[in-house]
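after the sequence you'll find the predicted model.
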Amino acid sequence: MIKPIVQLSFKPFLFNIKATKDGMFRAYNKRTGELLLEKTLPAAGFATPSTYEVGRKQYVVIACGGTKLGMSKGDSYVAFAYLSNSA
């Protein structure tokens, strides 16, 4: 069963939730501000990411697409899983 998580804080990370015209998804350490993850999306990510949990694994997903600000059209959802060495 998928259970939505209300907060946008994802384990030790805080995600960049502003419009990303550069088509990048970034995750930052919420304590230090250090960039931990930078991945190219298939289209610009203007949507706010959402987090959810399946079983005991947490994910963050973002919709990629639209034509805002002259960007190319897309129709994808991209999900990232939190991987922990202690799991």
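On my side now, so go ahead.

need the pLDDT of Tyr77.
At Tyr77, the model reports a pLDDT of 90.

any idea how far it lies from Phe46?
13 Å (CB to CB, to the nearest Å). Quick note: C-beta positions are derived from backbone N, CA and C, even for glycine.

show me which of those two is the more surrounded one.
Phe46 (18 against 12; other CB atoms under 10 Å).

any idea how far the more buried one is from Met24?
Using CB to CB, Phe46 is found at 12 Å from Met24.

and stretch 55-71, end to end?
With CA to CA, to the nearest Å as the measure, stretch 55-71 spans 36 Å from end to end.

which residues are common contacts for Phe46 and Met24?
Common contact partners of Phe46 and Met24 (CB atoms under 8 Å, 6 or more residues apart in numbering): none.

flag the shaky bits of this structure, pLDDT-wise.
Filtered on pLDDT under 70, the chain yields the residue ranges 1-20, 66-69, 83-87.

one more time with 90
Residues of the chain meeting the criterion pLDDT under 90: 1-76, 78-87.

select the longest strand from it.
Among the segments of the chain that qualify as a strand by DSSP state E, the longest is strand 57-65.

show me what that one is in contact with.
Contacts for strand 57-65 (CB under 8 Å, 6+ apart): 5, 10-11, 15, 23, 25, 41-45, 47-53, 73-82, 87.

tell me the contacts of Lys39?
Residues near Lys39 by CB under 8 Å, 6+ apart: 24-25, 78, 80.

right, I'll call it a day here.
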